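# below are the sequence and a predicted model for it; my questions follow.
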Amino acid sequence: MTTSIKSTKSVNAAAVATFLIFGMNGLVFASWAARIPAVTEALSLTSGQMGTLLLCTAVGSLLALPSAGWVVGRIGTANTVRVAGIVAGAAGAAIAFSLMAASVPATAVALFFFGIGIGLWDVAQNIEGADVEHRLKRTIMPQFHAAFSGGAFLGALIGAGLSQLGVGLPEHLLVIAAIAVTLALTVPKYFLPHQVAETNDAGVPAEKGPTAWRDARTLLIGVVVLGATLTEGAGNDWIAKAAVDGLGASESTGALLFALFVLAMTIMRFLGGKAIDKFGRVSVLRASMAAAAVGLALFVFAGNVILAGVGAALWGIGAALAFPMGMSAAADDPKHAAARVSVVSTIGYIAFLAGPPLLGYLGDHTGIHLALLAIGAPILLALLLAGVAKPLPAEEASEQHSP
């Protein structure tokens with residue numbers, strides 16, 4: 001009985017710690033994303049040039065993501081978050097100093113390392129979240145991602161407020177970097193113990209990254225997540241800018257529309273676990289993608305800020321659950337979770353990080369407002385392939401692709 005109580009307490013503590021780590025990750029990301037218009041102005045960049053700058057973050061993350069599962073396997077989720085927090089915090093400080101110097105090359109280098117830190121952090125927190133979800137035996141991953149969205153919402157509100165007050169982004173980033181490093185170093189001590197060498201029931205080492213890249217179901221889940229995360233990533237990076245350019249809104253109003261998008265995601269992620277348990281992953285995923293498509297269209301074609309706000313909210317609702325459902329689907333088999341979550345994260349973040357910069361290039365020709373319509377195609381693809389996220393039967397999860 002005593003052992004059971006201790007185990008329950010450790011899982012609950014790990015859930016709270018994972019919630020905090022997700023939230024801090026969102027706060028760090030939004031502290032940058034909500035004030036992209038300010039960066040564009042400070043460095044005198046076009047949408048396409050800003051897209052190139054954003055691509056530096058994407059490259060850093062895409063280099064880090066494929067190896068993240070291997071890193072977690074060697075040093076554990078807690079230590080991976082600590083390392084990632086230090087890298088992201090140091091990079092955030094470097095971005096601040098680069099903006100003070102109005103140096104585009106220095107900002108690009110800092111964003112590259114920022115992407116590395118965020119990428120490692122993301123995979124580690126999702127692996128820990130999947131482990132906690134399995135131990136609790138109920139859907140909780142959307143709530144962890146709600147913490148990310150909640151942190152992003154807070155970051156967006158802070159960004160909007162500081163912008164209205166005329167506080168510079170460099171000072172903003174320096175404070176956020178200090179907080180991020182502090183939490184990343186302390187909170188993971190409550191994570192669940194990590195098994196460095198996972199084995200199957202026969203004592204054979206669990207699936208490694210290269211094997212996971214050959215698993216058809218994992219790759220298709222990755223394609224679904226790719227479409228879904230492009231939906232979220234485009235909203236994160238371009239809603240504020242599109243509102244300024246397409247609607248003639250002020251920078252602070254654009255930041256508030258971004259905050260509305262993130263708030264809608266946050267609320268849906270808090271409520272989504274029960275919906276997934278009741279209706280199933282596949283049905284909820286299809287409904288999510290349909291809502292995202294409608295919200296995107298309304299935001300783009302709205303003639304005023306109020307309708308655009310409704311569209312942004314519906315877009316956020318649609319973007320809310322797809323990524324956490326993809327992470328849960330990839331981790332259906334706990335023995336192979338680290339490798340498969342790493343694969344799905346890598347595929348998904350190709351869209352989440354590389355897609356928005358490409359939209360920036362398109363925006364140079366069409367305006368970023370209309371360029372957002374390009375994400376309609378991957379939304380429809382995710383809708384069509386949603387069936388691959390169906391949970392594995394327990395016996396299949398334990399047997400599938402055992403080495």
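Alright, I've got the coordinates.
# what pLDDT, on average, does the helix of greatest length in the chain get?
For the chain, the longest helix by residue count, based on DSSP state H, is helix 47-100. Mean pLDDT, helix 47-100: 87.
# who does it touch, helix- and strand-wise?
helix 2-33, helix 36-42, helix 104-136, helix 169-186, helix 209-212, helix 216-247, helix 337-349, helix 355-366 (3 or more CB pairs under 8 Å, 6 or more residues apart in numbering; DSSP states H and E). Using the backbone N, CA and C atoms, a C-beta is placed for each residue, glycine as well.
# can you do 7 Å?
Applying 3 or more CB pairs under 7 Å, 6 or more residues apart in numbering; DSSP states H and E, we find helix 47-100 packed against helix 2-33, helix 36-42, helix 104-136, helix 169-186, helix 209-212, helix 337-349, helix 355-366.
# and the angle for that helix with helix 169-186?
If you take axes from the mean of the first three to the mean of the last three CA atoms, to 10 degrees, helix 47-100 sits at 80 degrees to helix 169-186.
# which residues of this structure score low on pLDDT?
For the chain, the stretches flagged by pLDDT under 70 are 1-6, 194-210, 352-354, 394-403.
# now with 50, please.
1, 196-206, 395, 397-403 (pLDDT under 50).
# follow-up on the earlier one: for residue 278, which of the helices and strands packed on helix 47-100 is the nearest?
helix 104-136 (16.6 Å; CB to CB).
# after the closest one, which helix or strand is next?
helix 141-165 (DSSP states H and E).
# relative to helix 2-33, how tilted is that following helix?
Using the same axes, to 10 degrees: helix 141-165 against helix 2-33 is 30 degrees.
# same for helix 141-165, what does it pack against?
helix 2-33, helix 104-136, helix 251-279, helix 322-330.
# helices or strands up against the third one?
Here helix 251-279 touches helix 36-42, helix 141-165, helix 216-247, helix 305-319, going by 3+ CB pairs under 7 Å, 6+ apart.
# most tightly packed of those helices?
Of all the helices and strands packed on helix 251-279, helix 216-247 carries the top mean neighbour count, a mean of 25, counting by mean count of other CB atoms under 10 Å.
# and that helix, how far out from the chain middle?
Relative to its chain's centre, helix 216-247 lies at 10 Å (CA atoms, centre = their mean, to the nearest Å).
# name the nearest residue to residue 177, sequence neighbours excluded.
The shortest distance from residue 177 to any non-neighbouring residue, by CB to CB, 6 or more residues apart in numbering, is to residue 92 (3.7 Å).
# quick one, what contacts the one you found?
With contact taken as CB atoms under 7 Å, 6 or more residues apart in numbering, residue 92 is in contact with 28, 114, 173, 176, 177, 180.
# make JSON lines out of those and add neighbour count and distance to residue 38.
JSON lines is the format used below for the contacts of residue 92 (neighbours: other CB atoms under 10 Å; distance: CB to CB, whole Å):
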{"residue": "28", "neighbour count": "29", "distance to residue 38": "17"}
{"residue": "114", "neighbour count": "28", "distance to residue 38": "16"}
{"residue": "173", "neighbour count": "27", "distance to residue 38": "11"}
{"residue": "176", "neighbour count": "24", "distance to residue 38": "14"}
{"residue": "177", "neighbour count": "23", "distance to residue 38": "17"}
{"residue": "180", "neighbour count": "26", "distance to residue 38": "20"}
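# with respect to residue 54, which of those is nearest?
Using CB to CB, the contacts of residue 92 come closest to residue 54 at residue 114, 10.8 Å.
# go ahead and confirm the closest one touches residue 89.
No: at 9.4 Å, residue 114 does not count as touching residue 89 under the criterion of CB atoms under 7 Å.
# how near is residue 43 to residue 186?
34 Å (CB to CB, to the nearest Å).
# which of those two has more residues huddled nearby?
Neighbour totals were compared for residue 43 and residue 186, and residue 43 leads with 16 against 13 (other CB atoms under 10 Å).
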